[in-house]
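Engineer: Structure of the sequence below:
(one chain, ligands or ions: 2)
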Amino acid sequence: MHTTDPDCIFCKIVRGEIPGRKVYEDADMLAFHDIQPIAPVHFLLIPKEHVPTLSETQADHEAVLGKMMVLAPRLAREQGADDGFRLIVNTGRVGRQEVLHVHMHVLGGKEPLGSMLPRPKT
Ligand code: 5GP
Ligand code: ZN
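Structural biologist: Ligands and ions are numbered 1, 2, ... in the order given. Have a look, this model is predicted:
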């Protein structure tokens, strides 16, 4: 059984206490559509284990983190992003992470996405 946090919104989705529109599930991963999508394809891929941020991952998370990277293209394709996609892992304060449970945004659609970040004016 993986570590869980009673108050974490993504742990609640893992436990089925609040609904999530599921994209994929296995013993240690869950993917579900973002509640406020910013692209035609926008889902979140999370480890079921509660780890607050990528900064807190350890060597024993290598397998699950690797699995996220391998699953992302497959699930993106299945969701209709078949000509590329973008992965984002907002981390900590500077990364403007809002939900403190490691998650990978998978973003895509039929047309190219906006720029990654606006370039600062020089
Ligand atoms: P962050 O800024 O932490 O990288 O992104 C958190 C994401 O989680 C946001 O895009 C937000 O829309 C999404 N989110 C927050 N609460 C919920 C929820 O209860 N259900 C789902 N499906 N997504 C959520
Ligand atoms: Zn959690």
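Engineer: and the helix or strand where Phe43 lies with ligand 2, contact?
Structural biologist: Counting by DSSP states H and E, the element that carries Phe43 is strand 41-47. No. Counting by C-beta under 5 Å from the ion, no contacts exist between strand 41-47 and ligand 2, the nearest distance being 7.9 Å. (C-beta placed from N, C-alpha, C; glycine too.)
Engineer: So what are the sheet partners of that strand and their directions?
Structural biologist: Paired strands of strand 41-47, with direction, are strand 29-33 (antiparallel), strand 104-108 (antiparallel) (DSSP bridges).
Engineer: Show residues contacting that strand.
Structural biologist: With contact meaning C-beta atoms under 8 Å, 6 or more residues apart in numbering, strand 41-47 is reached by 2, 10, 14, 23-24, 28-34, 61, 64-65, 68, 71-72, 75-76, 79-81, 85, 101-109.
Engineer: which one of the strands paired with strand 41-47 is the most hemmed in?
Structural biologist: Greatest average neighbour count among those goes to strand 104-108 (a mean of 22), per mean count of other C-beta atoms under 10 Å.
Engineer: Ligand 1 contacts on the chain?
Structural biologist: Within the chain, the positions lying close to ligand 1 (C-beta under 6 Å from any ligand atom) are Ile9, Gly20, Phe32, His33, Asp34, Ile35, Gln36, Asn90, Arg96, Gln97, Glu98, Val99.
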